[in-house]
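Asker: One predicted model, sequence on top.
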Amino acid sequence: MSQVAIYSGGTVIYWSAVIICIGVAAWFALSYSLYTANGGRGAALWLLLPVATLMSVLFCRAIHWYCHPEQYAGFFRALTDYSYGGYCLPGMLLGVLLSALLVKRLRFADSAAGLLDALAPGAALGIALFRLSALFNTSCRSTIIIKSAALQHLPIGSGVPTSSGGVEYRFATFFVQFLLMLLLTALLLRFYQRQKEIPMKRGGRQGHTAMMFIVFYSAMELVLDSTRYDSSFLRLNGFVSLVQIVSALSILAVLVYYSIQSVRANGRCFYHWLLWLAFAAGVGGTGAFEYLVQRHGNWYKMCYSVMSLSCLVMALTVYFMYRSLRRSRGD
């Protein structure tokens, strides 16, 4: 049950909602400071905020309705009645991307890529706080039951009330993601500042911070979404979740982009083949152990450990492909 923060008359405000609002404010504040400190117009962020919020909510609900139609009375009700149902996070990323393109089209920003770069560290911080909000309701559930008393506490275990009135300890998926997203925020901030120090001709093009956010966030989701009991699936597919499909395709798309740029700059060489083989091994490991954990749930420790390592290999492969492009330009 969600914990109440404010109760006044007929108005009830829950702690989870308060923290989500704080997450949005933190996202905006960090991105605004980064963007304006590097010469961007503050008006671009003020325009982006309401447009991105509206688009994100609509896309998140539409995707969730598609994956969970049984929870709604119809598509129109899903987009107009927010007293029930849920959201699918890829819709938020789509909403922010389209909003950035619109802001650029309206000439409030010189570059959509530069705007997305400034949004990336803020997005990591905002998502971290969104996931932290799950501590104040019962949404932080997973399929993994923690039986060891030594692990039945944060950051590993989270107590969930059962229908019989007891407490069941499950893997704290969202709290673990909260910690990982805080780490990613710090890494992206460092990466963003480094990009500003690199001359354009030596690899300092805009858009790299946003792409690194997509890659490492997607690598996280490939593993963590597998642990959830409420994952969203395509209607014709019940094996790999929608979030996992989008995450895998996103990492692949960024790898293809950097591969094309690197081959053009360096020519195809052994280093490229080594990275492509490493990426293929990461994909194979992720897919194989996702299959195994679905067939043998009690193998989750081994399966998720290998999956995590495989996804990290995929993300690092993309990063090193980016670095190969940087080295070809003398950095």
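Answerer: Received it, and whenever you're ready, just let me know what you need.
Asker: Show the contacting residues for L151.
Answerer: Taking CB atoms under 8 Å, 6 or more residues apart in numbering, we find L151 in contact with 157, 169. C-beta: built from backbone N, CA, C; applies to glycine.
Asker: go on, V263?
Answerer: H272.
Asker: where does it fall, helix, sheet strand or coil?
Answerer: Here V263 is recorded as helix under DSSP: H, G, I helix; E, B strand; the rest coil.
Asker: Distance of it relative to G166?
Answerer: Here the criterion is CB to CB, to the nearest Å. By it, V263 lies 58 Å from G166.
Asker: Quick check: which helices or strands does whichever strand or helix holds M220 pack against?
Answerer: Per DSSP states H and E: M220 is located in helix 208-224. Contacts defined by 3 or more CB pairs under 8 Å, 6 or more residues apart in numbering; DSSP states H and E place helix 208-224 against helix 112-132, helix 173-197, helix 242-266, helix 300-328.
Asker: show me where pLDDT drops low in the stretch 1-150 of the chain?
Answerer: Counting by pLDDT under 70, the stretch 1-150 of the chain shows low-confidence ranges at 1-14, 136-141.
Asker: What are the boundaries of the helices in it?
Answerer: 15-37, 42-67, 75-80, 90-105, 112-132 (DSSP state H, counting those that start in this stretch).
Asker: Now do the fourth one: which elements does it pack against?
Answerer: With contacts defined as 3+ CB pairs under 8 Å, 6+ apart, helix 90-105 has these neighbours: helix 42-67, helix 112-132, helix 242-266.
Asker: what comes up buried for stretch 215-225?
Answerer: 215-225 (16 or more other CB atoms under 10 Å).
Asker: what comes into contact with it?
Answerer: 124, 127, 173, 176-177, 180-181, 184, 187, 231, 241, 243-244, 246-248, 250-251, 254, 286, 304, 307-308, 311-312, 314-315, 318-319.
Asker: just stretch 311-322 next, same as before
Answerer: Identification of contacts with stretch 311-322 by CB under 8 Å, 6+ apart yields 208, 211-212, 215-216, 218-220, 222-223, 251, 254-255, 258-259, 262, 272, 275-276, 278-279, 281-283, 285-286.
Asker: which of these count as buried?
Answerer: Among these, the ones that count as buried (16+ other CB under 10 Å) are 208, 211-212, 215-216, 218-220, 222-223, 251, 254-255, 258-259, 262, 272, 275, 279, 282-283, 285-286.
Asker: I'd assumed L106 was in contact with A43.
Answerer: No - with contacts counted by CB atoms under 8 Å, A43 stays clear of L106, the gap being 10.0 Å.
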